[in-house]
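Peer 1: here are the coordinates; sequence isn't available:
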């Protein structure tokens, strides 16, 4: 390709409102053009890089599935059938944009953010019997999501590229065997994309999709939106939203029990005020939160320097709906005003749960369900009974210990470049999918779904591979493998000879025939991340590697 | 590819509500899956064919432009700027699909049916001076249109694939030179797609885009939605909507003038009733339509066996708005009730226009602006003055003569597979696009846009190449170039050897290892349109070409 004919240039101007490195370099290098927030046009070099990324992913996906291309639009009914029409908060719909269009056709359609609703009825047409299982199909597609928040990713979008794979199985064992295979193929893919070293398979919430863990492929990067709690040898991690944790203890186990005291103090209603009032550290306090769990009252105590993780608590309580009590409900259930709930003096109909963070405390502070009263030097067994069991429902924080290995977590920000979900029967049952087994019995179909974000990977690669001059791309995801440059007019023919020879050999090389200063050209190659630049002078040839 | 692992089968069932051959064969052959009317998922074989079609188009487009990928979403403002937000009746918009989504982000966006609104601001960033022109960019994209009517094309869609190219020029001469180049490259493309023979460059209305003709690439096919008036040697055609025409005359030029008569006849208010009443052919009658053209009254007479073509009439009148008069306006301007307007006795403030179809009539019938009265044996010069000029504002019909060559048109149905528009400054001015010329003067930018429909071409190819067994595809747009088949268990290894050898040589072959009856397999190959099938027996090898 002759660079002068390519719709590409560079810009030296800092891009406003885009603090991230990937946004700066990708916009300034004319890889992408910002149409509006989170909507980006791929310019020639950007489209080339994206296509290379997608082709690497495609080659690996062909090992485990067949490519199709589903529609972006779907009838509303499909989303009603799976009960997600009102639930998914990124869901967008389409309608006629003006009175003329509405008069012509007033139907509304869903613009799919994910394709379970489409792929399941499609596969329903495929499955005649157990012999047709397992089956897996995937696609590359532009997805639409009603995102609201502005974060640092150029390539988080209302509109973005996604590879989504869906698999269907006769039983859970077959699903999980395939699921493990996908994990391995995904890691192969990310290794080929030069992201293998820093990408960790991370347990995360199943979200709308499943009650079990899902697995995220998180690349460790300062700009990452997620917080990873990384286990021993980086062999696994938990997303903060689900990380189990053991609190480090600061309690001297030999501390002598002091006499219990109930102290009057008006308006001492936060852990911070309490610590100031009594001059104690937060870890010496116990706070108690009151919830309604599926309409049952519940009290949960944990160390004052932790917060409750609702996801973890819901799993422990086994409830579907969880909410904090109202002021009125607190008064009814504790006899005290809001802020004064505690483990002592709770009315018996409230079920009590204790986090393991408070298990070893001696002489701790707590509220006692009396307005304006606080207890200090509280001790278990003596002042309140020891609970039959301690739980872990706190939000993990830096310094916490991974309970299985007893090793302190490494905590890092991560960027999710892929995710996989063992959906089991959630969608297949909602869509009435089933199959006949060998004994002619109708059976449920087990399902999994698996995503990779190619456009986001383009941003991640820039975040990982750059210096202050520009992008430093791995050669297989560079816009060109090499740039051939005649530095002087009399070197044009020699340079062009190498360009044509390498082109004929299948090398994706480019010829910089632009009529601009050499220094400007060099700045462009560095910004773009051209791995190899071959410069021809009158009687010399120089190779610069980036 | 081993066919048993491909997510593909066939169906023998006739597809309901899809009368067209392409829909029947593409759905039954599992090329596409119908999600809902005009929304089709591409299954593995369909996606392969579509990709081959797109790659052929891409190769030709790279001769005249650079590939990019614009966003499907656009901010409303861009469509307001070009004044199309309320005008385009296929325009769709997006919004949050449920209360949760709207609470998260209540913005609405346009889902682009075409990309002038996006490409023009993008190119504005490119053009620094006259040196940056001309420039042309193209993309392949899924487009969205709020279509209402159900017609016979499987691949007319609310959602469909489109290749759209946009070019920008310093003056009209440069635009038109490029425009002619695109015509040639398009015809090269269609020839490679095996549609060259039957595809005619057809003059059509510029629609919303331009007041000049646009050019459509129309493939002659029985299923076509358009009517083509084809000129001499098939070297050009007009779309019916704009076809100039000369009416064939049935008038004996030697007929003797008869005495003028005014005849009373109640309720004789259509050409048909009039012909029955007077026992004359329709071509002996003259009908007159009354219009308001930009608020000026206009009367237009033409032969009774023709209808008025509003597009042609508007061009002649040079008006922007054209509408038929209301009953009240007719009474005001003619003194007679509706249905009785005629060329005789018109009030002088009405401008009168005559179609050339009535130029040679002798002893014709017409209305005379008196309720319930009709005139027969009317003759020009004697009964009414001969107009200074005759025009052509009738809708062309079969048998009409092409005015330039004086040859009778061939009339055929056509299917539009591409179109090109000389937009000139319509969008560039609306978006404020301009450039500095050599003399540092700011100049307008000339623009053209050029479309091809790859998914529609997939349907057109089936309509053109099929028999009663299935599709007969040209090899370069077949899902596979060849199918290698072991007919007996002991021929598996030999067959596989040929499969692997050809695969290694870069041939896109498939291996039919399915465990079904041979007859079923053969029916599948025929339905799919596999050009070459190589069958291996114990000691034989047979090649069947389709």
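Peer 2: In hand now; what should we look at? Note that the structure is a prediction, hence the values are computed from the model and not measured. Residues are numbered from 1 along each chain as shown, chains lettered A, B, ... in the order given.
Peer 1: Got the confidence number for the residue in the stretch 151-300 of chain A positioned nearest to chain B?
Peer 2: Closest residue of the stretch 151-300 of chain A to chain B, CB to the nearest CB: residue A:159 (5.2 Å). For every residue, glycine as well, the C-beta is placed using N, CA and C. Residue A:159 is assigned 90 on the pLDDT scale.
Peer 1: neighbours of it, just the number please.
Peer 2: Neighbours of residue A:159 under the rule other CB atoms under 10 Å in any protein chain shown: 23.
Peer 1: And residue A:387, by the same measure?
Peer 2: Residues lying near residue A:387 (other CB under 10 Å) number 15.
Peer 1: Spatially nearest residue to it (excluding sequence neighbours)?
Peer 2: residue A:354 (4.6 Å; CB to CB, 6 or more residues apart in numbering or on different chains).
Peer 1: Indicate each strand paired with the helix or strand hosting the one you found and its parallel or antiparallel sense.
Peer 2: Using DSSP states H and E, residue A:354 maps to strand A:351-355. According to DSSP bridges, strand A:351-355 forms sheet pairs with strand A:296-303 (parallel), strand A:390-391 (parallel).
Peer 1: Tell me the gap between the first one and the middle of its chain.
Peer 2: Relative to the chain's own centre, strand A:296-303 is displaced by 29 Å; criterion: CA atoms, centre = their mean, to the nearest Å.
Peer 1: if you compare the strands paired with strand A:351-355, which one is most tucked away?
Peer 2: With neighbours taken as mean count of other CB atoms under 10 Å in any protein chain shown, the strands paired with strand A:351-355 reach their highest mean count in strand A:296-303, at a mean of 22.
Peer 1: For residue A:470, find the nearest of the strands paired with strand A:351-355.
Peer 2: strand A:296-303 (47.7 Å; CB to CB).
Peer 1: Just the angle for whichever helix or strand comes after that closest one relative to strand A:351-355, thanks.
Peer 2: As assigned by DSSP H and E, the chain's next helix or strand after strand A:296-303 is helix A:310-317. Calculated by axes from the mean of the first three to the mean of the last three CA atoms, to 10 degrees, helix A:310-317 forms an angle of 130 degrees with strand A:351-355.
Peer 1: Can you give me the neighbour number for residue A:321?
Peer 2: For residue A:321, using other CB under 10 Å, the count is 10.
Peer 1: how about it, what does it touch?
Peer 2: The contact partners of residue A:321, by CB atoms under 8 Å, 6 or more residues apart in numbering or on different chains, come to A:292-295.
Peer 1: How about residue A:28?
Peer 2: Applying CB under 8 Å, 6+ apart, we find residue A:28 in contact with A:10-13, A:15, A:527.
Peer 1: what does the stretch 151-300 of chain A have sitting close to chain B?
Peer 2: A:158-159 (CB under 8 Å from any CB of the partner chain).
Peer 1: switch the cut-off to 10 Å
Peer 2: Within reach of chain B by CB under 10 Å from any CB of the partner chain, the stretch 151-300 of chain A has these residues: A:157-161.
Peer 1: Buried members of the contacts of residue A:321 into PyMOL, please.
Peer 2: Remark: buried members of the contacts of residue A:321, expressed as a PyMOL selection using 16 or more other CB atoms under 10 Å in any protein chain shown:
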select buried, chain A and resi 292+293
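Peer 1: Tell me which of the contacts of residue A:321 fall in strands.
Peer 2: A:292-293 (DSSP state E).
Peer 1: Let me have the contacts of residue A:321 in CSV, extended by pLDDT.
Peer 2: CSV is the format used below for those (pLDDT from 0 to 100):
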residue, pLDDT
A:292, 95
A:293, 95
A:294, 94
A:295, 90
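Peer 1: Quick check: mean pLDDT of the strand holding residue A:354?
Peer 2: So the average pLDDT for strand A:351-355 ends up being 95.
Peer 1: for the record, mean pLDDT for the following helix or strand past that strand?
Peer 2: Proceeding N to C from strand A:351-355, the next assigned helix or strand is strand A:364-367, under DSSP H and E. Mean pLDDT, strand A:364-367: 92.
Peer 1: With stretch A:215-235 instead?
Peer 2: Averaging pLDDT along stretch A:215-235 gives 94.
Peer 1: In chain A, which helix is the longest?
Peer 2: What stands out as the longest helix in chain A, according to DSSP state H, is helix A:172-192.
Peer 1: Please point out which parts of that helix sit buried.
Peer 2: A:175, A:178-179, A:182-183, A:185-187, A:189-190, A:192.
Peer 1: tell me what that helix is packed against?
Peer 2: Helix A:172-192 sits against helix A:44-61, strand A:135-144, strand A:159-169, strand A:199-204, strand A:214-220, strand A:410-424, strand A:446-452, helix A:454-464, with contacts defined as 3 or more CB pairs under 10 Å, 6 or more residues apart in numbering or on different chains; DSSP states H and E.
Peer 1: swap the cut-off to 7 Å and go again
Peer 2: helix A:44-61, strand A:159-169, strand A:214-220, strand A:410-424, strand A:446-452 (3 or more CB pairs under 7 Å, 6 or more residues apart in numbering or on different chains; DSSP states H and E).
Peer 1: Can you tell me which of those is nearest to residue B:339?
Peer 2: Nearest of the helices and strands packed on helix A:172-192 to residue B:339, taken as CB to CB: strand A:159-169 at 55.3 Å.
Peer 1: how much does that closest one deviate in direction from strand A:410-424?
Peer 2: 50 degrees.
Peer 1: Give me the buried stretch members for strand A:159-169, please.
Peer 2: A:159-169.
Peer 1: What of stretch A:73-90?
Peer 2: Burial within stretch A:73-90, assessed by neighbour count using 16+ other CB under 10 Å, is assigned to A:73-75, A:78-79, A:81-82, A:84-85, A:88-90.
Peer 1: got it, and stretch A:303-323?
Peer 2: Of the residues in stretch A:303-323, A:303-306, A:308-309, A:311-314, A:316-317, A:319, A:322 count as buried by neighbour count, 16+ other CB under 10 Å.
Peer 1: okay, those in TSV with pLDDT next?
Peer 2: Below are the buried residues of stretch A:303-323 laid out as TSV (pLDDT from 0 to 100):
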residue	pLDDT
A:303	97
A:304	95
A:305	96
A:306	97
A:308	97
A:309	96
A:311	93
A:312	95
A:313	96
A:314	94
A:316	95
A:317	95
A:319	92
A:322	95
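Peer 1: Identify the farthest-apart pair in the residues you listed.
Peer 2: Comparing all pairs in the buried residues of stretch A:303-323 by CB to CB, the longest separation belongs to A:305 and A:319, at 25.9 Å.
Peer 1: Break chain A into its domains for me.
Peer 2: A:15-72+A:113-244+A:412-462, A:261-391, A:480-545 (automatic domain parsing).
Peer 1: Surely residue A:287 is in a strand?
Peer 2: Yes: counting by DSSP: H, G, I helix; E, B strand; the rest coil, residue A:287 falls inside a strand.
Peer 1: rewinding a little: which ones are touching the residue nearest to residue A:387?
Peer 2: Residue A:354 sits next to A:301, A:387, A:390-391 when contact means CB atoms under 7 Å, 6 or more residues apart in numbering or on different chains.
Peer 1: between those, which is closest to chain B?
Peer 2: Ranked by distance to chain B (CB to the nearest CB), the contacts of residue A:354 are led by residue A:391 at 30.5 Å.
Peer 1: residues contacting that closest one?
Peer 2: If you count contacts by CB under 7 Å, 6+ apart, then residue A:391 has A:316, A:353-356 around it.
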